[in-house]
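**Student:** Just a sequence and a predicted model for now, questions to come.
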Amino acid sequence: MLRAYRYRLYPTDDQRRQMTRIVGCCRFTWNRLLEYCGKSYERRKESHTAFDLNNFIAHTLKPAYPWLADAPAQTLQCVSADLTSAFKAFFRKDAAYPRFKTKHRSKKSFRIP
C-alpha cells in the first residue's frame, strides 16, 4: 500500500522568496523544454525522452542561465519527467497538447524527490 503525506508549511520571508525562485526556475525550464521539443518534432519528427531532456537541461540551459542553479537539480528533472508524460498523454489522445506556463495561470508548485 502506498502512502502520501501532505504538509502545511509556514515559511519565513526568506524561505518564501527561495520557493518563489524555485517555482520560477521550474516554469522557465518547462517553457524552454516545451519549445525545444516542439521545434525538434517539427524539424526532424523526433521525440525526446526524459533522459534527453535532462541532458538538455544540464548541458544547454544551465550554462546559458546560471541562475537555474537556485533550484535543486532533482526538481528540474521532475519537470522534464512531467513534460515527457504530458507528451505521452497527448500522443495517446488522452490530453491536449502541453501548454506554456505563465506566472499567473499555472499552479505554483514543485517537487523535491
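**Tutor:** Ah, there it is. Treat the numbers as computed from the prediction; the structure is a model and nothing was measured.

**Student:** Please make it C-alpha for all contacts and neighbour counts, starting now.
**Tutor:** Will do.

**Student:** Look up how far Arg105 lies from the most centrally placed residue in the chain.
**Tutor:** Centroid check for the chain by CA atoms, centre = their mean gives Val79 as the closest residue, at 2.5 Å. The spacing between Val79 and Arg105, counted by CA to CA, to the nearest Å, is 17 Å.

**Student:** what residue ranges in this structure score low on pLDDT?
**Tutor:** Judged against pLDDT under 70, the chain has no low-scoring part.

**Student:** Pull out the buried positions in the longest helix seen in it.
**Tutor:** As assigned by DSSP state H, the longest helix anywhere in the chain is helix 13-44. For helix 13-44, the neighbour count (16 or more other CA atoms under 10 Å) marks 19, 21-34, 37 as buried.

**Student:** and what of stretch 62-70?
**Tutor:** Those would be Leu68, for stretch 62-70 by 16+ other CA under 10 Å.

**Student:** Let me see the residues that make contact with that stretch.
**Tutor:** Outside stretch 62-70, the residues that touch it by CA atoms under 8 Å, 6 or more residues apart in numbering are 21-22, 25, 61.

**Student:** Just name the closest of those residues to Asn54, please.
**Tutor:** The closest of the contacts of stretch 62-70 to Asn54 turns out to be Leu61 (CA to CA; 9.8 Å).

**Student:** Could you measure from that closest one over to Arg17?
**Tutor:** Counting by CA to CA, the gap from Leu61 to Arg17 is 22 Å.

**Student:** now do Asn31
**Tutor:** Asn31 is 21 Å from Arg17, by CA to CA.

**Student:** swap in Arg43?
**Tutor:** Distance from Arg43 to Arg17, by CA to CA: 39 Å.

**Student:** Not counting sequence-adjacent ones, nearest residue to Thr84?
**Tutor:** Ala50 (5.9 Å; CA to CA, 6 or more residues apart in numbering).

**Student:** Give me the buried positions along stretch 76-91.
**Tutor:** For stretch 76-91, by 16+ other CA under 10 Å, it's 76-81, 83-84, 86-87.
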